[in-house]
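Q: Structure for the following, please:
(2 chains)
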Amino acid sequence: MKTFQEFKTFYENDLKQKCLALEEERKDARKDAVFIIIATVLITGSISAFGLYVFLKYHWHGAIIAAPIFLGIVFGIRVHRSRIKKFARKFKNQIIKPIIEFVDPGFEYQAYGYLSKSTFERSELFKERPNIYSGDDLVKGKLGKTSFIFSELHAKVEKGSGKNRQVYPIFDGLLFIADFNKKFDSKTFVLPDKAEKYLGIIGKFMQSKNFTRPDLVKLENPEFEKSFVVYSEDQVEARYILSTNFMEKILEYNQKTKKDILLSFIDDKIYIAIPDDKKFFEPRLDMELSNLYRMNDYFQDLNLAISLIEDFNLNRRIWGKK
Amino acid sequence: MSTVAWIILAIIVFSILGIVFIYNSLISKKNNVKNAFSTIDVLLKMRYDLIPNLISSVQEYMKHEAGVLTKITELRAKAINPSIDDNEKIKIDNELSRALGGIMVAVENYPDLKASNNFIQLQQALNEVEEKISAGRRTYNACVTDFNNALQMFPSNIIASRMNLKEATWIEIEEAERKNVDVKKMFAS
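A: Residues are numbered from 1 along each chain as shown, chains lettered A, B, ... in the order given. I've put the predicted structure just below:
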């Protein structure tokens, strides 16, 4: 794991130059973005004003005002987004990619790649199947003996039709998948424990009756039990995976991220979902790129995922998995 | 029938359903305890099966630990005897855990042995089985806790006392301070 000191050296000797090289483009992108907003407002405004005139003079349908406003805004947003994405693409490839290669030259980065929907569903962390699904920032590699892959994902489900169309978010954040260091045949789930937190023993009782998940597993670590609810197809394998040591590591990591992480253990792999509404690895148009601490934020976001391998000791292969 | 009669009928029906539910739940928990114990049995057998291989692999190298190795062989012989009772089984399990842990620590003094592929594989297989046994013990204790809770908590304690159920006992888990085990001292006899 690279330290801040090492990152600082990397920044001074290498990254800073790349940031400076991209400054011109950032300023252009910002200028264009502002221009697009102003243009959209003016054009939409004037067409709508004309529409208002026609409406008042010739008594046409009110849609003549509403339509241009709606279309104008939609079109404006699209153009704005695509202009920003044009810069973001350059940013990801010229700034984020070097940061990733600094952490380990063997890591692979695809700026607009992301884990497939079937992979997401294979984690079985979320019961709903998404029909709106996107993501970016795919990172793939091997740290020590552990192969891993992760990306940012945005999964939503759209229910109902016509007027009743509603979009519900399923997951926004990072999904991280790695080889686990123990072999197992069954599925185990470690999920944030909302019910017990609010409802105590009654919550626990309801969790044991949850038939969308396999059997409840009651563990000995009270702090762990307060934060997580564990379901598994095999009580012994669940405890084999969740040793006393590992439970503490999960708690520590959970506190480190300050998010409610979700884990599942399926097919000799560990799936970890770190929910977060923020968009990772995106550039800010309004601030100078060449700033050590802002670049460090990107580095720390990357570390958040990769540190899982060390924090969970996944490279400790003493149980018969190579 | 009058409203009061309906209400009384409802209360009777729900009480009967409640009793049935609690009775079945108690039986289920009792069986979970039994099941968990037999799972441990299966895991212990896996460990016993590994021991002869371990002994023969390290015997040549670990001359100093010959005493411990003999003790391990003796313990194993006792353990696979079908006539021992459950408490004996647990005691032997604990002693074996400590002895095996001690050997694994002592291996540090034999770099040749430590590096041999054969031994490494054996060590990993043993680690896996030891951790699974530990998981098995934890599962058993969880089932015991569940069962004992049901025996003591209201309202299942009422039904339980009629069923003549006895509390189950936990397995003492030796969170072995294995690194600090002095193998020779342990078997000084």
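
Q: Determine the set of other helices and strands touching the biggest helix by length in chain A.
A: Taking DSSP state H as the criterion, chain A has its longest helix at helix A:16-58. Contacts defined by 3 or more CB pairs under 8 Å, 6 or more residues apart in numbering or on different chains; DSSP states H and E place helix A:16-58 against helix A:63-91. Placement of C-beta: from N, CA and C, glycine included.

Q: before we move on, back to that, so what's the model's average confidence on the longest helix of chain A?
A: Averaging pLDDT along helix A:16-58 yields 88.

Q: Centre of the chain to that helix, how far?
A: A distance of 29 Å separates the centroid of the chain from that of helix A:16-58, by CA atoms, centre = their mean, to the nearest Å.

Q: how about low-confidence regions in the chain?
A: Going with chain A. Low-confidence regions of chain A, defined here as pLDDT under 70, cover residues A:196-197, A:322.

Q: right idea, wrong chain: chain B
A: Across chain B, the ranges flagged by pLDDT under 70 are B:1, B:173-189.

Q: Distance of the residue most central in space within it relative to residue A:134?
A: The centroid of chain B falls nearest to residue B:137 when counting by CA atoms, centre = their mean (3.3 Å). Distance of residue B:137 to residue A:134, given as CB to CB, to the nearest Å: 46 Å.

Q: Residue B:124: what's it in contact with?
A: A:317-320 (CB atoms under 8 Å, 6 or more residues apart in numbering or on different chains).

Q: can you check residue A:86 too?
A: Here residue A:86 is in contact with residue A:29 (CB under 8 Å, 6+ apart).

Q: mind checking which helix or strand the residue of chain B found nearest chain A is in?
A: Per CB to the nearest CB, residue B:135 is where chain B lies closest to chain A, at 3.7 Å. In the assignment (DSSP states H and E), residue B:135 maps to helix B:117-152.

Q: to the chain's geometric centre, what's the distance from that helix?
A: Counting by CA atoms, centre = their mean, helix B:117-152 is centred 6 Å from the centre of its parent chain.

Q: All the helices of chain B, residue numbers only.
A: Using DSSP H, the helices found in chain B span residues B:3-59, B:66-79, B:86-106, B:111-115, B:117-152, B:156-163, B:183-186.

Q: Give me the neighbour count for residue A:227.
A: A count of nearby residues for residue A:227, using other CB atoms under 10 Å in any protein chain shown, gives 20.

Q: That one against residue A:252, yeah?
A: No - applying CB atoms under 8 Å as the test, residue A:227 and residue A:252 come out as separate, 11.2 Å apart.

Q: Now do stretch A:207-221: distance to the chain's middle.
A: How far stretch A:207-221 lies from its chain's middle: 27 Å, per CA atoms, centre = their mean.

Q: Over to stretch A:214-228?
A: From the chain centre to the centre of stretch A:214-228 is a distance of 26 Å (CA atoms, centre = their mean).

Q: Give me the contact list for that stretch.
A: The contact list for stretch A:214-228, computed with CB under 8 Å, 6+ apart, reads A:187-193, A:196-197, A:204, A:207-208, A:210, A:229-233, A:235, A:238-239, A:242, A:244, A:247-248, A:250-251, A:254, B:138, B:141-142, B:145-146.

Q: Up against chain B, what does the stretch 101-250 of chain A have?
A: Residues of the stretch 101-250 of chain A lying close to chain B (CB under 8 Å from any CB of the partner chain) are A:182-183, A:217-220, A:235-240, A:243.

Q: Can I get the buried ones among these as something I can paste into ChimeraX?
A: Entered in ChimeraX, the line below selects the buried ones among these, by 16 or more other CB atoms under 10 Å in any protein chain shown:
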select /A:182,217,218,219,235,236,237,238,239,240
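
Q: Filter the residues of the stretch 101-250 of chain A next to chain B down to the ones in strands?
A: residue A:217 (DSSP state E).

Q: re earlier: narrow the contacts of residue B:124 to those that are buried.
A: Here, 16+ other CB under 10 Å leaves A:317, A:319-320 buried among the contacts of residue B:124.

Q: give me the subset of these touching chain B.
A: Near chain B, judged by CB under 8 Å from any CB, the entries from these are A:317, A:319-320.

Q: What is the nearest of those residues to residue B:14?
A: Residue B:14 lies nearest to residue A:319 out of these, by CB to CB, at 49.9 Å.

Q: Not counting its neighbours along the chain, what's nearest that closest one?
A: Of all residues not flanking residue A:319 in the chain, residue B:128 sits nearest, at 4.5 Å (CB to CB, 6 or more residues apart in numbering or on different chains).

Q: show me the residues around that neighbour that make contact.
A: Residue B:128 neighbours (CB under 8 Å, 6+ apart): A:182-183, A:319-320.

Q: before we move on, the earlier item: format the residues of the stretch 101-250 of chain A next to chain B as TSV; extra columns: distance to residue B:15.
A: As requested, those are exported to TSV (distance: CB to CB, whole Å):
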residue	distance to residue B:15
A:182	47
A:183	49
A:217	32
A:218	29
A:219	34
A:220	35
A:235	32
A:236	37
A:237	39
A:238	36
A:239	37
A:240	42
A:243	44
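
Q: just the residues of the stretch 101-250 of chain A next to chain B now: which is nearest residue B:86?
A: Of all those, residue A:236 has the smallest distance to residue B:86: 17.9 Å, by CB to CB.

Q: just to revisit the earlier point, which members of the contacts of stretch A:214-228 occur in helices, if any?
A: Secondary structure from DSSP H places A:196-197, A:204, A:207-208, A:235, A:238-239, A:244, A:247-248, A:250-251, A:254, B:138, B:141-142, B:145-146 of these in helices.

Q: Now, of those, which are buried?
A: A:196, A:204, A:207, A:235, A:238-239, A:247, A:250-251, A:254, B:138, B:141-142, B:145-146.

Q: which two from the residues you listed end up farthest apart in space?
A: Pairwise distances across those (CB to CB) peak at 26.0 Å, for the pair A:254 and B:146.

Q: For chain B, list the residues in contact with chain A, please.
A: So far as CB under 8 Å from any CB goes, chain B lies against chain A at B:36, B:39, B:43, B:121, B:123-125, B:127-128, B:131-132, B:134-136, B:138-139, B:141-142, B:145-146.

Q: Recalculate using a threshold of 6 Å.
A: For chain B, the contact set with chain A under CB under 6 Å from any CB of the partner chain comprises B:39, B:124-125, B:127-128, B:131-132, B:135-136, B:138-139, B:142.

Q: Let's have those residues in a markdown table, adding distance to residue B:109.
A: Formatted as a markdown table, the residues of chain B next to chain A follow (distance: CB to CB, whole Å):
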| residue | distance to residue B:109 |
| --- | --- |
| B:39 | 35 |
| B:124 | 20 |
| B:125 | 22 |
| B:127 | 19 |
| B:128 | 24 |
| B:131 | 24 |
| B:132 | 28 |
| B:135 | 30 |
| B:136 | 31 |
| B:138 | 32 |
| B:139 | 35 |
| B:142 | 38 |
